[in-house]
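Novice: Only the shape, not the letters, is given here:
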């Protein structure tokens, strides 16, 4: 039997299972980049305004660390600068999720062993997963190319291929981590760590040099996206680096998958008895989630330090541009630009913290579906006490990482801790509301639990991109973050804060009540 036997069937199965996820990721990522031309044209409608923006951003090391250097002051060049890096990151996240979902997650749940009992070749599951990721990235590249073709066909094609190619780099990186680890969660974590390292390398390199030719930037696949220089004298040969990385990592993943059995891994999980500090459900939950919490804590602290250093340069982003000022004020809610920037960053931290909290709250759902929860609950351990250990980490961990982000912002900005920390912590009720929604879905409709990720992602898109796209306020208000007071600089409106906190409590209670009544999914 061929090693690729059954690839077509598994690919169709993967695309069917992700028939909603793949189009949403592609539309959000490709649509964000493609719509950037209209957004920036409304902000900087003249050549003089675009030239002034390019000059100020190139001279600002903090802005270079966030977006990269500006290689051209055309409308297309500014789109590549403003949206290229984040488009590549979104494509990378979508790719690693798709690949791990259809490789290691299938093995962890036992579905792959059942499928492998049929006429399925050893390399077919990995090939099908990579083909599904290719569909995502091809769709993103097509949307970017078509959406920006009016700014220059060559530049649009270069940017589309760069973003889609970067997504495939991290798809193949995830294919490698799926061979190394025993759990889907760890495989995603390692691939995400590689993505985070790539972003940090690019940011450090771009902060240090204005021309983007730092060694650190060249070491980062995210940096390769900007080195293509779409709309600014395209460097087509950089795409060969992307293709080479994809081919090398794919070959390595195939070599590894041929050397292990289904369900096995090269990095075995350390066994150990549940005794001493692991004798309670809460201690076990902490053991399972402490690595994730540590990683998010360090990331938020570093993020606060980085964004805090950018506050003084916020005025350079808008200058005298009233339209840009309106967008910042709409996101941040303050007429004072510095306060608006701080409020915007605080809101961004809150929306990203919701991703951590949702993932942490859904951790017991993963324990349940993998079958690891059933042996625990067969002992004198109630479901509520078992779930509570994880939920304490979800709710408390969100408060911890936001506190660290506020500390980083205040320390780097050099201002009083109280107002800055308050601006960040006021995001907690919205974060907890999304966490409560995750608990409700898991407790009452476990098959729909992953929809909590969609809710958190929608809030991120509405909060970060919605104001720039001039979406109606009614649409922005679909996110709980849209109802919070925009601190610092305004009076704290306690009614929405208390209302969202109460809503989070109601959702969580209802979810736990549902958990008590239903059967385990197994």
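Specialist: Noted; the coordinates are in hand. Keep in mind that what you see is a predicted model, and the values were worked out from it rather than measured.

Novice: Distance from the chain centre to stretch 218-231, please.
Specialist: Taking C-alpha atoms, centre = their mean, to the nearest Å, one finds the center of stretch 218-231 at 20 Å from the center of the full chain.

Novice: for stretch 341-350, same thing?
Specialist: Centre-to-centre, stretch 341-350 and its host chain are 16 Å apart (C-alpha atoms, centre = their mean).

Novice: Next: stretch 24-36.
Specialist: 14 Å.

Novice: same check, this time on stretch 138-153
Specialist: The gap between the average C-alpha position of stretch 138-153 and the chain average comes to 23 Å, counting by C-alpha atoms, centre = their mean.

Novice: can you check stretch 503-516 too?
Specialist: Averaging C-alpha coordinates over stretch 503-516 and over its chain gives two centres that are 26 Å apart (C-alpha atoms, centre = their mean).

Novice: Tell me the buried residues in it?
Specialist: By 16 or more other C-beta atoms under 10 Å, the buried positions in stretch 503-516 come out as 503-504, 507-508, 511-512, 514-515. Just so you know, the C-beta spots here come from the backbone N, C-alpha and C atoms, and that holds for glycine as well.

Novice: Using CSV, lay out these together with secondary structure and distance to residue 462.
Specialist: As requested, the buried residues of stretch 503-516 are arranged in CSV below (DSSP: H, G, I helix; E, B strand; the rest coil; distance: C-beta to C-beta, whole Å):
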residue, secondary structure, distance to residue 462
503, helix, 18
504, helix, 19
507, helix, 19
508, helix, 23
511, helix, 24
512, helix, 28
514, helix, 28
515, helix, 29
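
Novice: Looking at those residues, which is nearest residue 418?
Specialist: Each of these was checked against residue 418 using C-beta to C-beta; the closest is residue 504, at 24.3 Å.

Novice: list the contacts for that closest one?
Specialist: Counting by C-beta atoms under 8 Å, 6 or more residues apart in numbering, residue 504 touches 429, 432-433, 435-436.

Novice: hmm, try it at 10 Å
Specialist: Remark: with contacts taken as C-beta atoms under 10 Å, 6 or more residues apart in numbering, residue 504 is in contact with 395, 428-437, 439, 480.

Novice: Kindly report the same for residue 374.
Specialist: Taking C-beta under 10 Å, 6+ apart as the definition, contacts of residue 374 comprise 367-368, 520-522.

Novice: was I right about residue 202 contacting residue 218?
Specialist: Yes: using C-beta atoms under 10 Å, residue 202 makes contact with residue 218 at a distance of 9.4 Å.

Novice: Counting residues, which helix of the chain comes out longest?
Specialist: helix 383-413 (DSSP state H).

Novice: just checking, what packs against that helix?
Specialist: For helix 383-413, the elements it packs on are helix 281-308, helix 337-361, helix 363-369, helix 373-377, helix 417-425, helix 428-444, helix 494-517, judged by 3 or more C-beta pairs under 10 Å, 6 or more residues apart in numbering; DSSP states H and E.

Novice: in it, what's buried?
Specialist: Neighbour counts over helix 383-413 (16+ other C-beta under 10 Å) mark 383, 386-391, 393-395, 397-398, 400-413 as buried.

Novice: From the contacts of residue 374, list the buried ones, please.
Specialist: With neighbours counted by 16+ other C-beta under 10 Å, the contacts of residue 374 contain buried members at 367-368.

Novice: which one in the contacts of residue 374 is the model shakiest on?
Specialist: Lowest-confidence member of the contacts of residue 374: residue 522, scoring 51 (pLDDT).

Novice: need the contact list for residue 149.
Specialist: 34, 76, 155-157, 160.

Novice: now, among the residues you listed, which is nearest to residue 449?
Specialist: Residue 449 has its nearest neighbour among these in residue 34, at 31.7 Å by C-beta to C-beta.

Novice: Pretty sure residue 146 is one of the things the closest one touches, is it not?
Specialist: Yes: under the contact definition of C-beta under 10 Å, residue 34 touches residue 146, with a separation of 7.3 Å.

Novice: out of those two, which sits in the more crowded spot?
Specialist: residue 34 (24 against 14; other C-beta atoms under 10 Å).

Novice: Ramachandran angles for that one?
Specialist: The phi and psi torsions at residue 34 (degrees, to the nearest 10) take the values phi -60, psi -30.

Novice: Just give the closest residue to residue 157, not the sequence neighbours.
Specialist: In space, and not counting its chain neighbours, residue 157 is closest to residue 145: 5.1 Å by C-beta to C-beta, 6 or more residues apart in numbering.

Novice: count of neighbours near that neighbour?
Specialist: Look at residue 145: counted by other C-beta under 10 Å, it has 22 neighbours.

Novice: Let me see the contact set for it.
Specialist: The contact partners of residue 145, taken as C-beta under 10 Å, 6+ apart, are 30, 33-34, 153, 155-161, 163-164.

Novice: which of these has the most neighbours?
Specialist: Ranking those using other C-beta under 10 Å puts residue 159 first, with 34 neighbours.

Novice: Just say helix, strand or coil for it.
Specialist: Three states are possible here, and by DSSP: H, G, I helix; E, B strand; the rest coil the one that applies to residue 159 is helix.

Novice: which ones are touching it?
Specialist: 33-34, 76-77, 79-80, 83-84, 87-88, 141, 144-145, 147-148, 151-152, 225-226, 228-231, 234.

Novice: Now it: closest residue in space that isn't a chain neighbour?
Specialist: Excluding its sequence neighbours, the residue lying closest to residue 159 (C-beta to C-beta, 6+ apart) is residue 230, at 3.7 Å.

Novice: just residue 478 next, same as before
Specialist: Computed as C-beta to C-beta, 6+ apart, the closest residue to residue 478 that is not its neighbour in sequence is residue 462, at 6.4 Å.
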